[in-house]
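**Student:** Any chance you could fold what I've pasted below:
(2 chains)
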Amino acid sequence: KAGVTQTPRYLIKTRGQQVTLSCSPISGHRSVSWYQQTPGQGLQFLFEYFSETQRNKGNFPGRFSGRQFSNSRSEMNVSTLELGDSALYLCASSLRDQSSGNTIYFGEGSWLTVV
Amino acid sequence: EDKVVQSPLSLVVHEGDTVTLNCSYEVTNFRSLLWYKQEKKAPTFLFMLTSSGIEKKSGRLSSILDKKELFSILNITATQTGDSAVYLCAVLSSSSNQFYFGTGTSLTVIP
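**Tutor:** Sure thing, here's the model as predicted:
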């Protein structure tokens, strides 16, 4: 059974640009959540999608957005990139939404560098 | 404010040593606590703990939760170089339905 797949794995962008990251969850999983990981802050929750609806959102500015498709694949977008957006972006999937208490399983992440 | 604190921040041990990693939390309406191992790739799931005092065990790794004192420990016995990684603790709040992560403990095992 394939795990959580994230693309691209590495990317470099310039300040002011935008970026779209993609996540394919484990087959049968319907919840996808996104996290930002930086050395100083650890993993911080961005948002969760379940059945194409955003169920929960962390404390990030509106430049960070996401969506989920009918096949449960998800994308997140960051617009007007800032240097501080450089981080590892991790996607996690679970069978049901996080209110169910299911374990979440992570992808390998997308390393974003903003220059 | 919900928070999860892990200690120590980093640890260097020799192969064969036993280590104990700590995770304390202040999270509204605790639902579960999860441990992950992160090498230079995806964090991999180790344990989920929901009840106090019940030890979860997998090979040389074990973990236990104390909901009264609001902490969990992860023990690794007879450490091997392959145990070198960052160990992450996450707590799920049933109020916010959100996982809160600690910043991790970086473990280095020297041959």
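**Student:** Specify the beta-bridge partners of residue 110.
**Tutor:** In the absence of a named chain, chain A is used. With DSSP bridges as the criterion, residue A:110 is bridged to residue A:89.
**Student:** right idea, wrong chain: chain B
**Tutor:** With DSSP bridges as the rule, residue B:110 is bridged to residue B:14.
**Student:** what sits against it?
**Tutor:** Residue B:110 sits next to B:12-15, B:81 when contact means Cβ atoms under 8 Å, 6 or more residues apart in numbering or on different chains. Using the backbone N, CA and C atoms, a C-beta is placed for each residue, glycine as well.
**Student:** ok, those residues vs chain A, which is closest?
**Tutor:** When these are ranked by distance to chain A (Cβ to the nearest Cβ), residue B:12 comes first, at 18.2 Å.
**Student:** For stretch B:46-60, buried residues please.
**Tutor:** If you call a residue buried by 16 or more other Cβ atoms under 10 Å in any protein chain shown, then stretch B:46-60 has these buried ones: B:46-49, B:56.
**Student:** just checking: which of these also lie near chain A?
**Tutor:** residue B:48 (Cβ under 8 Å from any Cβ of the partner chain).
**Student:** Put together TSV for the buried residues of stretch B:46-60, with distance to residue A:108 on each row.
**Tutor:** Formatted as TSV, those follow (distance: Cβ to Cβ, whole Å):
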residue	distance to residue A:108
B:46	17
B:47	21
B:48	21
B:49	25
B:56	25
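**Student:** Return the set of residues that bridge with the most centrally placed residue in chain A.
**Tutor:** Centre of chain A computed as the mean C-alpha position; nearest residue by Cα atoms, centre = their mean is residue A:34, 3.0 Å away. Assessed by DSSP bridges, residue A:34 has beta-bridge partners residue A:47, residue A:91.
**Student:** measure it to residue A:101 for me?
**Tutor:** 19 Å (Cβ to Cβ, to the nearest Å).
**Student:** go on, residue B:32?
**Tutor:** Taking Cβ to Cβ, one finds residue B:32 at 5 Å from residue A:101.
**Student:** Return every residue with contacts to both of these two.
**Tutor:** B:50, B:92.
**Student:** And these two? Which one has more around it.
**Tutor:** Neighbours were counted for residue B:32 and for residue A:101 using other Cβ atoms under 10 Å in any protein chain shown; residue B:32 has more, 18 against 15.
**Student:** Could you pull up phi and psi at residue A:83?
**Tutor:** phi -60, psi -40 (degrees, to the nearest 10).
**Student:** That one - nearest residue in space that isn't next to it in sequence?
**Tutor:** Among residues not flanking residue A:83 along the chain, residue A:114 sits closest, at 5.3 Å (Cβ to Cβ, 6 or more residues apart in numbering or on different chains).
**Student:** Which residues of chain A lie near chain B?
**Tutor:** Near chain B, when you scan chain A using Cβ under 8 Å from any Cβ, you find A:3-4, A:33, A:35, A:40-45, A:48, A:55-56, A:58, A:90, A:97-99, A:101, A:103-109.
**Student:** just how off-centre is the helix or strand bottoming out on mean pLDDT in chain B within its chain?
**Tutor:** Least confident helix or strand, chain B: strand B:98-101 with a mean of 93, by mean pLDDT, DSSP states H and E. Relative to the chain's own centre, strand B:98-101 is displaced by 13 Å; criterion: Cα atoms, centre = their mean, to the nearest Å.
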